[in-house]
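need a 3D model of the sequence below.
(one chain, ligands or ions: 1)
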Amino acid sequence: MTQIVLLGPPGSGKGTQASGLEQRWGLVHISSGDLLRAHVKEGTHLGRRAKPYMDRGDLVPDELILDMMAERMGAPDAQRGFALDGFPRTVAQAEALEARLEAIGQKLDAVVYLHVPEEELLRRLSGRRICPSCNAIYQVDTMPPKVAGICDQCGAALIQRQDEQVEVVRNRLRVYAEQTAPLLEHYRRQGLLHEIDGTIGVENVMAELARLLGGVRQQR
Ligand code: AP5
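Below is the predicted model of the structure:
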């Protein structure tokens with residue numbers, strides 16, 4: 001069983017690569033953002049509490065995130081291994097994850113940091129479209145759907161995320177720098193951090209990840 005974290009700023013490709021890892025390596029893609037957006041869509045208590053934070057581009061409080069993630073990671077399918085996308089995002093979340101894994105005799109295998117410069121992140125996010133039904137991710141310039149505005153996988157009409165306005169994106173980047181970037185040092189100290197250049201194209205990033213996972217599985 002392989003358990004990895006994908007780390008990087010908004011738009012660095014965490015969701016795109018985690019989805020590829022699910023399709024090609026069988027790791028379950030667990031996205032805290034997708035889980036939160038599903039709660040918002042369904043109007044659950046958690047969704048109603050999380051929405052104002054998400055709309056501003058701020059982090060949702062840790063106490064709301066931790067129970068949601070623990071429940072998802074405890075589901076039967078996640079026992080075959082997972083790629084975490086968007087979690088952990090604070091040192092407190094990372095410590096809670098470590099404590100949870102340790103309690104069940106497990107640990108993370110690797111943390112992969114996708115490095116992408118800020119101007120490229122802004123360009124990618126302004127052209128991102130997502131499927132509200134199956135969460136597939138597209139980019140109008142570099143990864144367009146076969147039929148404009150329609151999901152290749154399920155045929156639903158594609159949408160832009162609500163937190164994609166320029167000011168909200170800039171706040172998400174600020175929040176990342178202040179609250180999530182310190183995790184790089186946290187994981188570097190543990191010898192778990194691997195950096196991949198996130199600008200080399202989706203397939204090349206996937207090839208780098210495959211090489212890394214091959215090594216991780218040999219070590220287990
Ligand atoms: P979340 O949904 O996690 O958003 P994010 O981290 O800001 O990341 P994104 O989904 O924007 O980007 P990504 O790295 O997945 O990139 P993608 O693959 O889509 O979080 C949303 C909100 O929820 C947060 O602001 C917060 O409020 C809350 N939240 C979530 N988790 C939380 C937590 N743990 N704690 C507290 N609050 C939390 O790619 C981007 C675009 O680039 C796409 O169009 C894609 O097609 C394209 N692309 C991808 N890879 C490449 C490539 N190699 N070359 C060219 N284009 C590429």
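
tell me the residue of this protein that sits nearest the ligand?
Ranked by CB to the nearest ligand atom, the top residue of the chain for proximity to the ligand is G33, at 1.9 Å. Glycine gets a C-beta too; all of them are placed from N, C-alpha and C.

quick check: that residue vs R161, distance?
9 Å (CB to CB, to the nearest Å).

do V216 as well
31 Å.

repeat that for A136.
With distances taken as CB to CB, A136 is found 13 Å from R161.

do A83 as well
Using CB to CB, A83 is found at 20 Å from R161.

okay, those two: which has more neighbours?
Taking other CB atoms under 10 Å, A83 and R161 do not tie; A83 has more neighbours (26 against 16).

pretty sure F82 belongs to a strand, no?
Yes: counting by DSSP: H, G, I helix; E, B strand; the rest coil, F82 is found in a strand.

list the contacts of L6.
Applying CB atoms under 8 Å, 6 or more residues apart in numbering to L6 gives the contacts K14, Q17, A18, A83, L84, D85, V112, L114.

for the residue sitting furthest away from the middle of the chain, give me the pLDDT.
Distance from the centre of the chain peaks at V147, with 25.8 Å (CA atoms, centre = their mean). You'll see V147 listed with a pLDDT of 97.

helix, strand, or coil at it?
coil.

ok, now how distant is it from A156?
12 Å.

cool, G191 as well?
In terms of CB to CB, G191 sits 42 Å off from A156.

determine the longest helix present in this structure.
helix 202-219 (DSSP state H).

list the buried ones in it?
For helix 202-219, burial by neighbour count (16 or more other CB atoms under 10 Å) applies to V202, V205, M206, E208, L209, L212, L213, V216.

do stretch 81-94 as well
G81, F82, A83, L84, D85, G86, F87, P88, R89, T90, Q93, A94.

cool, stretch 32-48 as well?
In stretch 32-48, counting by 16+ other CB under 10 Å, buried: S32, G33, D34, L35, L36, R37, H39, V40, L46, G47.

that's a strand at the fourth one, yeah?
Which is L35. No: secondary structure of L35 (three-state DSSP): helix, not part of a strand.
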